[in-house]
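> This is the structure alone, sequence omitted:
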């Protein structure tokens, strides 16, 4: 039995804790009417194996230095969405009735948990010569390109516009995506993905290459076809965060932040994350809990559960899983990431349960603003706190609320896409003769006349 399964069964009733991951509980489709065909791909066949080491939040590992240090959100987000579709009534095994085609690839798992590279594994399973790649991303690029050309047998029917790919980190794991899947639908945690010409930046030891070879792409994500989805916070963390969160009126701290900056992780020197260093200048301010990481993550959970506001600064990407973690502690997020793309902003009013402040204006003025809010507008802050509690189910992939779940948010998006989706009528067609109505005798006479 894998270590992850050993943990699950030792921790308590598995069917209550991870029913979706293990396929133990059928899922509905939220009355969406959407039908999705789910491909079978080699690197989506081991959801439980890819879930080992799942308790790796951004707090523990930073914002996942690319392939080398991806945390739980990188592993489990594709797994959870894949398993939901597999075990929900949204799924169809008949491609002719499918509205969309989901392509499951656990790229984070492939690049971190497998000792063999994606390219090598593919080659061995094809009984071909092993091809060694120079870098993990090159291997994934080769894997994806072959996948599209050789395995996605319904891709060309509509040019890929009905095929869904999921990106669970700051980068698209398919560097050549523009050549193969430019019109496909992207579900992504990042609206400004990082594109690199040299993937050595994934190593902390070569972090200086990031500035020379990597940049945010402001056109890769196209909002008329792509959609931002929340990062994944595992159920264990959510349960612990709920257990230690305090009621609004009992919270001790005005604002909190405990995390890495460029002094702790060299990559942040080159990723425009000076906002994290600026936050450290607020350390020691009365009512503020600012500093580096706690030794024990439970202590961190307890601290943010005792804060009114929690800073969520830019990481390697503009998105950060910290944004979702703090809400599960009942903390009002203060977003410090200018170009972040927020999930479900087409129907969620983010201004009702979060604040957003310019990255280059982090300092005493921000601290004073939060202090004034608590002092002069306590009812407003209390309302925002309640709004956090009401809305956080939209970011909980374990939510069983039929009216509030990230799966419901994704299906709403797919409903809109379905309505706008062009449908092919085939390469040729003929006149469709309307049915003849009338008495049997009249029908017979008309038919005889038509054949003369």
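The structure has been received and is ready for your questions. Small disclaimer: the values here were computed from a predicted structure and weren't measured. Numbers count the residues shown, from 1 in each chain.
> For the rest of this, base every contact and every neighbour count on C-alpha atoms.
Fine.
> which residues in this protein form strands?
Secondary structure of the chain (DSSP state E): strands at 36-38, 100-102, 163-167, 185-188, 194-196, 214-216, 227-228, 253-258, 288-291, 307-313, 332-336, 355-356.
> Quick one: closest of those strands to residue 405.
With CA to CA, the closest approach to residue 405 among the strands of the chain belongs to strand 227-228: 14.3 Å.
> Counting by contacts, list what the closest one packs against.
strand 185-188 (3 or more CA pairs under 8 Å, 6 or more residues apart in numbering; DSSP states H and E).
> Direction included, what does the strand it packs on pair up with?
The pairing partners recorded for strand 185-188 under DSSP bridges are strand 163-167 (parallel), strand 227-228 (parallel).
> Kindly present the ones you listed as a markdown table, with separate columns for mean pLDDT and distance to residue 180.
Formatted as a markdown table, the strands paired with strand 185-188 follow (pLDDT from 0 to 100; distance: least, CA to CA, whole Å):
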| stretch | mean pLDDT | distance to residue 180 |
| --- | --- | --- |
| strand 163-167 | 95 | 12 |
| strand 227-228 | 97 | 19 |
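> of all the ones you listed, which lies closest to residue 28?
Of all the strands paired with strand 185-188, strand 163-167 sits nearest to residue 28, with 19.6 Å by CA to CA.
> What residues of the closest one count as buried?
163, 164, 165, 166, 167 (16 or more other CA atoms under 10 Å).
> residues in contact with it?
Strand 163-167 is touched from outside by 78, 100-105, 155, 173, 184-190, with contacts defined as CA atoms under 8 Å, 6 or more residues apart in numbering.
> switch the cut-off to 6 Å
Surrounding strand 163-167, the residues in contact under the criterion CA atoms under 6 Å, 6 or more residues apart in numbering are 100, 101, 102, 103, 184, 185, 186, 187, 188.
> next one: stretch 86-102
Here stretch 86-102 has contacts from 26-29, 34-38, 85, 162-164, using CA under 6 Å, 6+ apart.
> circling back: winner for burial among the strands of the chain?
The highest mean neighbour count among the strands of the chain, using mean count of other CA atoms under 10 Å, belongs to strand 307-313: a mean of 28.
> Show me what counts as buried in stretch 401-411.
404, 405, 406, 407, 408, 409, 410, 411.
> Check stretch 366-374 too.
Those would be 366, 367, 370, 371, 374, for stretch 366-374 by 16+ other CA under 10 Å.
> And those residues, which two are furthest apart?
The widest separation within these (CA to CA) is 12.8 Å, between 366 and 374.
> Please name the nearest non-neighbouring residue to residue 252.
Using CA to CA, 6 or more residues apart in numbering and skipping residues adjacent in sequence, the residue nearest residue 252 is residue 306, 5.7 Å away.
> surely the one you found meets residue 250?
No - Residue 306 is beyond contact range of residue 250, at 7.7 Å (criterion: CA atoms under 6 Å).
> can you put the buried residues of strand 163-167 in CSV and add distance to residue 385?
Listed next are these as CSV, based on distance: CA to CA, whole Å:
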residue, distance to residue 385
163, 38
164, 35
165, 34
166, 31
167, 30
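> Nearest to residue 339 among these?
Nearest to residue 339 among these, with distances taken as CA to CA, is residue 167, at 17.7 Å.
> How much space separates that closest one from residue 177?
Taking CA to CA, to the nearest Å as the criterion, residue 167 is separated from residue 177 by 12 Å.
> so how far is residue 366 from the residue nearest to residue 252?
Counting by CA to CA, the gap from residue 306 to residue 366 is 19 Å.
> low-confidence ranges in the stretch 351-452 of the chain?
Within the stretch 351-452 of the chain, the stretches with pLDDT under 70 are 423-427, 432-452.
> for the stretch 151-300 of the chain, same thing?
For the stretch 151-300 of the chain, the ranges with pLDDT under 70 are 198-206, 261-266, 269-272.
> now do 50
For the stretch 151-300 of the chain, the stretches flagged by pLDDT under 50 are 201.
> the helices in it, which residues?
Secondary structure of the stretch 151-300 of the chain (DSSP state H, counting those that start in this stretch): helices at 177-180, 209-213, 235-244, 274-280, 297-304.
> Next, format these as a markdown table and append distance to residue 318.
Below are the helices of the stretch 151-300 of the chain laid out as a markdown table (distance: least, CA to CA, whole Å):
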| stretch | distance to residue 318 |
| --- | --- |
| helix 177-180 | 21 |
| helix 209-213 | 15 |
| helix 235-244 | 22 |
| helix 274-280 | 12 |
| helix 297-304 | 21 |
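> Can you give me the domain assignment for the chain?
For the chain, automatic domain parsing gives the domain ranges 22-228, 235-400.
> Switch those over to a markdown table; also include distance to residue 420.
Converted to a markdown table, the domains of the chain look like this (distance: least, CA to CA, whole Å):
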| stretch | distance to residue 420 |
| --- | --- |
| domain 22-228 | 10 |
| domain 235-400 | 16 |
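> So which of those is nearest residue 428?
domain 22-228 (14.0 Å).
> ok, for residue 417, nearest residue in space, not its chain neighbours?
residue 225 (7.6 Å).
> Need phi/psi at that neighbour.
Backbone torsions for residue 225, taken as degrees, to the nearest 10, come to phi -130, psi -20.
> That one: neighbour count?
Neighbours of residue 225 under the rule other CA atoms under 10 Å: 15.
> separation between residue 246 and residue 329?
8 Å.
> Mind checking which of the two has more residues around it?
Here residue 246 and residue 329 are compared on neighbour count by other CA under 10 Å; more neighbours surround residue 329, at 30 against 21.
> isn't the more buried one right up against residue 240?
No - using CA under 6 Å, residue 329 is not in contact with residue 240; the gap is 8.8 Å.
> Bridged to residue 185, which residues?
According to DSSP bridges, beta-bridge pairing links residue 185 with residue 164.
> contacting residues around it?
Counted by CA under 6 Å, 6+ apart, residue 185 has contacts 164, 225, 226.
> So the first one versus residue 392, what's the distance?
Between residue 164 and residue 392 the distance, using CA to CA, works out to 25 Å.
> again with residue 253
21 Å.
> just residue 193 next, same as before
As for residue 193, its distance to residue 392 is 24 Å (criterion: CA to CA).
> Counting neighbours, go ahead and name the busier of these two.
Using other CA under 10 Å as the criterion, residue 193 and residue 392 rank with residue 193 on top: 24 against 21.
> I'd say that one and residue 169 touch.
No - using CA under 6 Å, residue 193 makes no contact with residue 169, being 8.3 Å away.
> Quick check: end-to-end length of stretch 157-169?
Stretch 157-169 end-to-end distance (CA to CA) = 29 Å.
> thinking in terms of the whole chain, how far from its middle is it?
Relative to the chain's own centre, stretch 157-169 is displaced by 15 Å; criterion: CA atoms, centre = their mean, to the nearest Å.
> Also stretch 314-334?
The answer for stretch 314-334 is 13 Å, by CA atoms, centre = their mean.
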